[in-house]
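**Q** From the sequence below, what's the structure:
(one chain, ligands or ions: 1)
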Amino acid sequence: MMSGVWVFGYGSLIWRPDIAFRERRIARVRGWKRRFWQGSHDHRGVPHAPGRVVTLVPDPDESCEGMAYLVDDSVAEATFEGLDHREKNGYERHAVRLEFRTGGACDGVVYIAPAGNRAWLGPAPEDAMVEQIRRSVGPSGANIEYLRELGAALRELAIDDPHVFTLERMALEAEGRG
Ligand code: SIN
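**A** Predicted coordinates for the structure are as follows:
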């Protein structure tokens, strides 16, 4: 049997994994919540005007659903090299336990940007986060597109996330106001 490594994505890795995988499954990690608390200097913003992207924040009462990808051992090293580069702005690899929606569980790897990393922004009032997301642009595109893509991907997978959906709704309302 071929073996492999499960990589868990909860942000852009859900809708744009850009990695070779053998299989993917919706999975949940317990004790973590998804938050737009990480600054992005290299994808959705620039160093003097960072955007906001998601990281996982520890919370014993919460859990986060996303997409897990099974990467073959034969390509794991190259895959992690690529992901380390993509997630270089403050994210670190963590070992996590993944619970698959279809049943069963497995150990996996997730990229988390911990509090206090050099690009960390932390919490802010929702309207301030929305404004920052609406005005930020970086080499990977507009920050608002990241929020829209994430919201759309979560809906597609029937994943509920009030934090993401609230920011998305507020951004849409702000757009309506011009
Ligand atoms: C992830 O998607 O798992 C990490 C955060 C991101 O790249 O948006």
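**Q** Count residues in the vicinity of residue 61, would you?
**A** Using other C-beta atoms under 10 Å, residue 61 is surrounded by 7 other residues. C-beta here means a position set from N, CA and C on the backbone, and glycine is covered the same way.
**Q** Likewise for the one 5 residues further on?
**A** Here the number of neighbours of residue 66 (other C-beta under 10 Å) works out to 25.
**Q** same check, this time on residue 132
**A** When neighbours are counted by other C-beta under 10 Å, residue 132 registers 19.
**Q** wait, it sits on residue 51?
**A** Yes. At 7.0 Å, residue 132 and residue 51 qualify as touching, with contact defined as C-beta atoms under 8 Å.
**Q** shared neighbours, these two?
**A** With contacts taken as C-beta atoms under 8 Å, 6 or more residues apart in numbering, residue 132 and residue 51 have residue 143 as neighbours in common.
**Q** Give me the contact list for stretch 140-149.
**A** With contacts defined as C-beta under 8 Å, 6+ apart, stretch 140-149 is touched by 11-12, 15-16, 36, 40, 42-45, 51-53, 132-137, 164, 167-168, 171.
**Q** Run the chain-centre distance for it.
**A** Centre-to-centre, stretch 140-149 and its host chain are 12 Å apart (C-alpha atoms, centre = their mean, to the nearest Å).
**Q** For that stretch, buried residues please.
**A** The neighbour-count criterion (16 or more other C-beta atoms under 10 Å) identifies 140, 142-144, 146-149 as the buried residues of stretch 140-149.
**Q** Report the mean per-residue pLDDT for it.
**A** In this model, stretch 140-149 has an average pLDDT of 97.
**Q** Do any residues in it lie close to the ligand?
**A** No. In terms of C-beta under 6 Å from any ligand atom, no part of stretch 140-149 sits within range of the ligand; the closest distance is 7.2 Å.
**Q** List every C-alpha atom in that stretch, with coordinates, as PDB.
**A** This file holds the C-alpha atoms of stretch 140-149, laid out as PDB (Å, rounded to 0.1, in the frame of the first residue of the first chain):
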ATOM      1  CA  SER A 140      -1.700  37.200  -5.300                       C
ATOM      2  CA  GLY A 141      -4.500  39.600  -5.900                       C
ATOM      3  CA  ALA A 142      -7.100  41.700  -3.900                       C
ATOM      4  CA  ASN A 143      -7.600  40.800  -0.300                       C
ATOM      5  CA  ILE A 144     -11.400  41.000  -0.800                       C
ATOM      6  CA  GLU A 145     -11.100  38.200  -3.400                       C
ATOM      7  CA  TYR A 146      -9.500  36.000  -0.700                       C
ATOM      8  CA  LEU A 147     -12.500  36.600   1.600                       C
ATOM      9  CA  ARG A 148     -15.000  36.000  -1.200                       C
ATOM     10  CA  GLU A 149     -13.200  32.800  -2.400                       C
END
